[in-house]
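Novice: Show me how the following folds:
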Amino acid sequence: QVELVESGGGLVHSGGSLRLSCVASGFTISSSSMGWYRQAFGKECERVAHIRPIAGSADYADSVKGRFTISRDDDKNTVYLQMNSLNPEDTAVYYCNAGGLTTVQPMCVPLHGDYWGHGTQVTVSS
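Specialist: The predicted structure follows:
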């Protein structure tokens with residue numbers, strides 16, 4: 001059974017940093033397309049970072065490029081999102097995803113047989 005469990009969210013001041021973790025079970029992350037999505041109140045679900053299987057190359061939404069870094073630890077079957085220089089616009093629920101195909105969708109829910117964690121809240125105060 002596939003399961004994704006996020007952790008690491010919280011409240012941080014503007015300019016601060018957080019690292020999110022996503023522990024996966026039931027499959028191997030190195031063979032899967034993994035991503036971090038976020039959904040702010042009243043906004044669409046957007047993918048902020050994506051790491052490709054095997055080679056592990058990554059891409060980012062323009063809004064987080066240069067500030068966020070996605071990585072994975074294959075031994076721990078865990079994906080990370082290092083978030084630096086956070087600002088209030090980064091406030092959202094952040095979700096770990098496996099197999100997602102979209103960069104934007106209305107809600108952070110399964111659409112194409114992909115898998116989602118339950119999300120972790122990130123709040124950035126000004």
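
Novice: From the centroid of the protein, which residue is nearest?
Specialist: By Cα atoms, centre = their mean, the mean C-alpha position of the chain lies nearest to W36, the distance being 1.9 Å.

Novice: just checking, that one touches Y94?
Specialist: Yes: with contact defined as Cβ atoms under 8 Å, W36 counts as touching Y94 (6.0 Å). Backbone N, C-alpha and C define where each C-beta goes, glycine included.

Novice: what residues do those two have in common as contacts?
Specialist: L20, V48, L81 (Cβ atoms under 8 Å, 6 or more residues apart in numbering).

Novice: Just among those, which is most surrounded?
Specialist: Neighbour counts for those, by other Cβ atoms under 10 Å, peak at L81, which reaches 26 neighbours.

Novice: what comes up buried for the helix or strand where that residue lies?
Specialist: Assessed by DSSP states H and E, L81 sits inside strand 78-83. Within strand 78-83, the residues scored as buried using 16 or more other Cβ atoms under 10 Å are T78, V79, Y80, L81, M83.
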